[in-house]
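Undergrad: Need coordinates for the following:
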Amino acid sequence: MIFVESEFAPLQTVVLAESEFGMPKVPREEDLKFLRPEAFTEMYEKAGMDYAEAYPESQQAWENERIALEAVLTKHGVKVLRPRRLTTAEKRAAGDDGYANFFARDPFFTIGNLVIEGSLRFLHRRMEILPIRDIILKNVYPEDCMYVAAPRPEVAAADDLTLGPGPFIEGGDVLVLDKHIFVGNSGLASNALGARWLEKLLKPHGYTLEMLRLQPEILHLDCALGLIREGLMVICEAAFKDGVPEKLRSWDRIPVTLEETSLLATNGLPISPEVYVTDPVFKHIGEKIAQHGVKVEYVDFQVSRSLGGAFRCSTQPLLRKS
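TA: Got it, this is the predicted structure:
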């Protein structure tokens, strides 16, 4: 079965990312301002290299982080699917733009029984869906669900800092709350045209889409907002240009700062309304969540976070249903 009811409905089947990254030969600082300065420096110093070759110890730690998360998911009865590795041909085809196979949240996403391939803005992520297609073939095609891909983005001029009109729509910007869909837009990832395309797709299925404008240093909506269970969220209010969405204003809020958002403080993963995963560096946030009766599991995700994503970024559910 394929179905995602909400961000916190019991997680039953999930895709957990691989840990592959080919750094762009010429990193675009304007696109990477969401990274911590030290992470951008590392990328710039080893531009054009495979992360595993440039930083072998960090690569091993990164892979171990995903293995540790898989163990927690499996302990709670979640079926975990892993993408294949990138092929040599795929890496070569990426050229100087670099390649990615490291955050399964963004290349595709699931809303209800719709599985949707996204349209990614960053050039090094444009082919990130390819290693996931085998999972889609085996687990999505046989099911009674819809499978569709967003339009391919237009090719922009080399000096176009916007990377063109898109449309861009990325899973990290898409949060599901039953029939209400939030889509973030900071200018770094999803854009208004991508949201418009998604709204056109979803409207006949009874969904309402609300676009939320984010501050320009926020990569994705899930870097500023996490829905933990009905009525409880972790949120950086300063990240939202228009304030807290009206639909969420009555919810209990666990606040985080803009500084904490750069460390991925809101990017935990609910396994169910009763269990939530975050990094031990956010224990002060986890303790506040636990006060609401939620069990908090801790997994060290330092390397993943240094590359711009954490637990939600690393996973994409195929089945979340009460």
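
Undergrad: Need the distance between the two termini of stretch 181-194.
TA: 13 Å (Cα to Cα, to the nearest Å).

Undergrad: for that stretch, the distance to its chain's centre please.
TA: A distance of 13 Å separates the centroid of the chain from that of stretch 181-194, by Cα atoms, centre = their mean, to the nearest Å.

Undergrad: average model confidence for it?
TA: Averaging pLDDT along stretch 181-194 yields 97.

Undergrad: Name the residues of it that are buried.
TA: Buried residues in stretch 181-194, defined by neighbour count with 16 or more other Cβ atoms under 10 Å: 181-194. Quick note: C-beta positions are derived from backbone N, CA and C, even for glycine.

Undergrad: For the stretch 51-200 of the chain, which segments count as strands?
TA: Ranges of strands within the stretch 51-200 of the chain are 79-81, 99-101, 108-111, 114-117, 146-149, 174-177, 180-185, based on DSSP state E, counting those that start in this stretch.

Undergrad: thinking again about what came up before, output the buried residues of stretch 181-194 as JSON lines; include the columns distance to Glu154.
TA: Converted to JSON lines, the buried residues of stretch 181-194 look like this (distance: Cβ to Cβ, whole Å):
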{"residue": "Ile181", "distance to Glu154": "24"}
{"residue": "Phe182", "distance to Glu154": "26"}
{"residue": "Val183", "distance to Glu154": "20"}
{"residue": "Gly184", "distance to Glu154": "21"}
{"residue": "Asn185", "distance to Glu154": "18"}
{"residue": "Ser186", "distance to Glu154": "20"}
{"residue": "Gly187", "distance to Glu154": "17"}
{"residue": "Leu188", "distance to Glu154": "18"}
{"residue": "Ala189", "distance to Glu154": "16"}
{"residue": "Ser190", "distance to Glu154": "15"}
{"residue": "Asn191", "distance to Glu154": "12"}
{"residue": "Ala192", "distance to Glu154": "15"}
{"residue": "Leu193", "distance to Glu154": "10"}
{"residue": "Gly194", "distance to Glu154": "12"}
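
Undergrad: Could you single out the nearest of those residues to Lys46?
TA: Taking Cβ to Cβ as the measure, Lys46 lies nearest Leu188 of those, at 22.2 Å.

Undergrad: sorry, back to before: pick the most buried one from the strands of the stretch 51-200 of the chain.
TA: strand 99-101 (a mean of 26; mean count of other Cβ atoms under 10 Å).

Undergrad: Which elements pack onto that strand?
TA: Under the contact criterion of 3 or more Cβ pairs under 8 Å, 6 or more residues apart in numbering; DSSP states H and E, strand 99-101 touches strand 20-22.

Undergrad: ok so, going back, Leu225 is nearest to which of the strands of the stretch 51-200 of the chain?
TA: strand 174-177 (6.8 Å).

Undergrad: Met233 contacts Ser250, correct?
TA: No - in this structure, Met233 is not within contact of Ser250 by Cβ atoms under 8 Å, at 10.8 Å.

Undergrad: So if I had to pick from these two, which one is more boxed in?
TA: Between Met233 and Ser250, Met233 has the larger neighbour count (other Cβ atoms under 10 Å), namely 21 against 8.

Undergrad: Could I get the full set of helices for the stretch 51-200 of the chain?
TA: 51-54, 56-75, 88-94, 133-139, 192-202 (DSSP state H, counting those that start in this stretch).

Undergrad: Next: the stretch 201-322 of the chain.
TA: Taking DSSP H, counting those that start in this stretch as the test, the helices found in the stretch 201-322 of the chain are 258-261, 283-290, 302-306.

Undergrad: Could you dump those into JSON lines with mean neighbour count, distance to Asn64 and mean pLDDT added?
TA: What follows is the helices of the stretch 201-322 of the chain, written out as JSON lines (neighbours: other Cβ atoms under 10 Å; distance: least, Cβ to Cβ, whole Å; pLDDT from 0 to 100):
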{"stretch": "helix 258-261", "mean neighbour count": "16", "distance to Asn64": "24", "mean pLDDT": "95"}
{"stretch": "helix 283-290", "mean neighbour count": "16", "distance to Asn64": "20", "mean pLDDT": "98"}
{"stretch": "helix 302-306", "mean neighbour count": "20", "distance to Asn64": "9", "mean pLDDT": "96"}
